[in-house]
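Enquirer: prediction below, plus the sequence it came from.
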Amino acid sequence: MLRTVRVPVAALIVSGKERGKVRPYAIEWEGKRYRVERLGFYHSYRKGTRKIHVFSVSTATLDMRLEVDSETFECFLTEISDGLAD
């Protein structure tokens, strides 16, 4: 089931050797830590003067959409799916 939400989460973001290459490594939500196994897509957009980075990620049990504010480093889950039909 796909749920649209907007909940703050803790996320571990790692950077690579290349400048500007970052990706989420783990997300902590509702007391559980989810290791990111696959990055589906990435894009960014501007919200006023802020740049918001959007990651579509898969864990062992869930698919999630994570938004990260590059100015404040706040992280929000905006979509969660367990892959099952509604």
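Expert: Perfect, I can see it now. Numbers count the residues shown, from 1 in each chain.

Enquirer: residues near residue 77, how many?
Expert: Neighbourhood size, residue 77 [other C-beta atoms under 10 Å]: 21. In short, each C-beta sits where N, CA and C put it, glycine included.

Enquirer: in what helix or strand does it lie?
Expert: Assigned by DSSP states H and E, residue 77 falls within strand 75-81.

Enquirer: any idea what the residue nearest the centre of the chain is bridged to?
Expert: The centre of the chain sits closest to residue 66, judged by C-alpha atoms, centre = their mean, with a distance of 2.2 Å. Partner residues in beta bridges with residue 66, using DSSP bridges, are residue 55, residue 77.

Enquirer: that one contacts residue 74, correct?
Expert: No: Residue 66 is beyond contact range of residue 74, at 11.1 Å (criterion: C-beta atoms under 8 Å).

Enquirer: for burial, what's the neighbour tally of the closest residue to residue 45 other than its chain neighbours?
Expert: Spatial nearest neighbour of residue 45, chain neighbours left out: residue 52 (5.6 Å); criterion: C-beta to C-beta, 6 or more residues apart in numbering. By other C-beta under 10 Å, 17 other residues sit near residue 52.

Enquirer: same thing with residue 25?
Expert: Other residues close to residue 25 by other C-beta under 10 Å number 12.

Enquirer: who touches it in this structure?
Expert: By C-beta atoms under 8 Å, 6 or more residues apart in numbering, residue 25 lies in contact with 12, 13, 14, 35, 36.
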